[in-house]
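Chemist: Please find the sequence and the predicted model below.
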Amino acid sequence: GGQQAEEARLAQPGEDAARPGRGQRAAQHGVAHGIRPVLVLGQHHRQLDHVFGLQFAREIVAQTRAARIVLAGRSALVPEVKKTLDALATPQHQIEYVALDVAHAEAVDALVARLQTEGQPPDGILHCAGITRDGFILRKSPTEFASVLAPKVAGLVNLDRATRDLPLDFMLLCSSFAACWGIVGQVDYAAANAFMDAFAAHRNRLSAQGERCGHTLSVNWPLWLDGGMTLDVATRERLQHHTGMRPLSTAIAMRAIYRGFALSCERLLVMEGELPAMQALLEATGAVRGPIPARVAAPTQLAGGDDALREKALEYLCQQFSQLLKIPVARLRPQAPLEQYGIDSILAMKLVTHLETIFGKLPKTLAFEYQTIAQLNDYFCDAHAERLIALLAPRTASARPAVDRPAVNRADTPAAAPAATSQVP
């Protein structure tokens, strides 16, 4: 394990803003140095995936009299985003966009070299690149795993190497709370963010030895309210119920950055929501959540003669999927991979939460272990036969011996925290 995430008290609404700390002075430093640029790097795949870079650009414009901001992302600049950047720029605030894959060392070297040639090497770097590819780890290919690691691991190493001789004021790394708790279906993303956290400590040690310049801060961000992904009301309510957390507002996020630099910490976990519930979540991290219920001996299974009931169970599951995915039952194919229906970590959480209201406590990895509705049906027919019989054949159920089932304590079964796909961060 690495250094534990440090906590910073965030100002409540109505309090005075935090006094300018190291982060604010770093942002304002470009004015004193002839508007040396701040480099903001992302990993963009869709039109609105530039949101995080735009939020940081808005903050820099708001906090400085003059600045040059270089935004870099993997995709070409789309007209909608270009229009937003043009509106944000002022005669004193230059905003440039560069299509660049931070995982390619040559491209990073070329950009840094160009800025140096122009006499404006960067003052600070904000690394907010990242992607996710949801899937159960046993089914992830090495190529998929490596592609998720690339922007946060190779990308960060490339940036550090290209700027190792520059007098940077700061380097801000946008990590994720996935590094703290993990996220179902995103073990590669969690590992990539944990690397960023460890790298921040590594770079600060090099800085203390005179081999790097500027302080490095890695922030474990939760889901942002104004991020690239929009959660429906039901998902937000589930998130808050299980963790106490609400999606983070941009104002609180920016204030947390200033506080983090002022504290001179290397890693900062930021959370917004109900304090007692969030404290309980932090205290429970890594601990067993209540006693593990004993296995029920010889659970009832549907025998070969129960084919009719098994078919009814499949129809019932298809109805549940139809309700959740808003897809007509007639269009669902039980043998089709769930990914064809857009099942990602958010929908997987919603699916398990919904089915738990019917069957009781279920594995959080259910939608990743079983890849089709037919496979899920086999699982429920084997592991939850009594419940299916009670639901679909009540007369038969009354004639069978009851099987004790441990009561479900909702407080002991928190849902896996959802991912912001490529936006958290």
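Modeler: Looks like it arrived, so ask away.
Chemist: Name the nearest residue to Gln323, sequence neighbours excluded.
Modeler: Leaving aside its sequence neighbours, Gln323 sits nearest to His354 (CB to CB, 6 or more residues apart in numbering; 7.9 Å). C-beta coordinates here come from the backbone N, C-alpha and C atoms, glycine included.
Chemist: so where is the stretch 151-300 of the chain shaky, pLDDT-wise?
Modeler: 227-235, 285-300 (pLDDT under 70).
Chemist: the strands in it, which residues?
Modeler: Per DSSP state E, counting those that start in this stretch, the stretch 151-300 of the chain carries strands over the ranges 170-176, 215-221, 245-246, 267-269, 272-273.
Chemist: circling back to that earlier point, please give the element, helix or strand, for the residue nearest to Gln323.
Modeler: helix 345-359 (DSSP states H and E).
Chemist: Off-centre distance for the helix or strand following that helix?
Modeler: Downstream of helix 345-359, the next assigned helix or strand under DSSP H and E is helix 366-369. Relative to the mean C-alpha coordinate of its chain, helix 366-369 is positioned 19 Å out (CA atoms, centre = their mean, to the nearest Å).
Chemist: and what of stretch 323-335?
Modeler: 27 Å.
Chemist: Also stretch 311-321?
Modeler: 31 Å.
Chemist: outside of that stretch, which residues touch it?
Modeler: 302, 327, 329, 332, 334, 341, 351, 354-355, 358, 373-374, 376-377, 380-381, 388, 391-393 (CB atoms under 8 Å, 6 or more residues apart in numbering).
Chemist: let's go with 6 Å and repeat that
Modeler: Stretch 311-321 is contacted by residues Val329, Leu332, Pro334, Ile373, Asn377, Cys381, Leu388, Leu392 when judged by CB atoms under 6 Å, 6 or more residues apart in numbering.
Chemist: And for stretch 241-250?
Modeler: 55, 222-226, 240, 271-274, 277-278, 281, 414-415.
Chemist: Show only the entries of those found in helices.
Modeler: Within these, residues falling in helices by DSSP state H are Gln55, Gln240, Ala277, Met278, Leu281.
Chemist: Show me which residues of the helix or strand that Glu80 is a member of are buried.
Modeler: Using DSSP H and E, Glu80 maps to helix 79-88. Applying a neighbour-count criterion of 16 or more other CB atoms under 10 Å, one finds Val81, Thr84, Leu85, Leu88 buried in helix 79-88.
Chemist: mind checking how far the second one is from Leu149?
Modeler: For Thr84, the distance to Leu149 under the criterion CB to CB, to the nearest Å works out to 30 Å.
Chemist: And the first one, by the same measure?
Modeler: Computed as CB to CB, the Val81 to Leu149 distance reads 26 Å.
Chemist: The last one too?
Modeler: Applying CB to CB, the value for Leu88 to Leu149 is 32 Å.
Chemist: In three-state terms, label Ile98 for me.
Modeler: Check again: residue 98 is Val, not Ile. When classified by DSSP: H, G, I helix; E, B strand; the rest coil, Val98 comes out as strand.
Chemist: Next, the contact list for it, please.
Modeler: Ala72.
Chemist: 7 Å instead, please
Modeler: Val98 sits next to Val70, Ala72, Leu111 when contact means CB atoms under 7 Å, 6 or more residues apart in numbering.
Chemist: Do you know the pLDDT at the first one?
Modeler: Which is Val70. On pLDDT, Val70 comes in at 92.
Chemist: Now a PyMOL select for only the buried ones of the contacts of Val98.
Modeler: In PyMOL, a selection of the buried entries from those looks like this (16+ other CB under 10 Å):
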select buried, resi 70+72+111
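Chemist: pretty sure Val184 contacts Lys364?
Modeler: Yes - the criterion here is CB atoms under 7 Å, and Val184 meets it with Lys364 at 5.1 Å.
Chemist: Which of these two has more residues huddled nearby?
Modeler: Val184 (22 against 19; other CB atoms under 10 Å).
Chemist: Phi first, then psi, for Val70.
Modeler: Val70 adopts backbone torsions of phi -110, psi 110, taken as degrees, to the nearest 10.
Chemist: Phe56 is in contact with that one, correct?
Modeler: No - counting by CB under 7 Å, Val70 sits too far from Phe56 to count as a contact (11.5 Å).
Chemist: Name the residues contacting each of these two.
Modeler: Val40.
Chemist: residues near Pro276, how many?
Modeler: 9.
Chemist: The spatially closest residue to it that is not a sequence neighbour: neighbouring residues, count only.
Modeler: Nearest residue to Pro276 in three dimensions, chain neighbours excluded: Gly244, at 7.1 Å (CB to CB, 6+ apart). Gly244 has 20 neighbours, counted by other CB under 10 Å.
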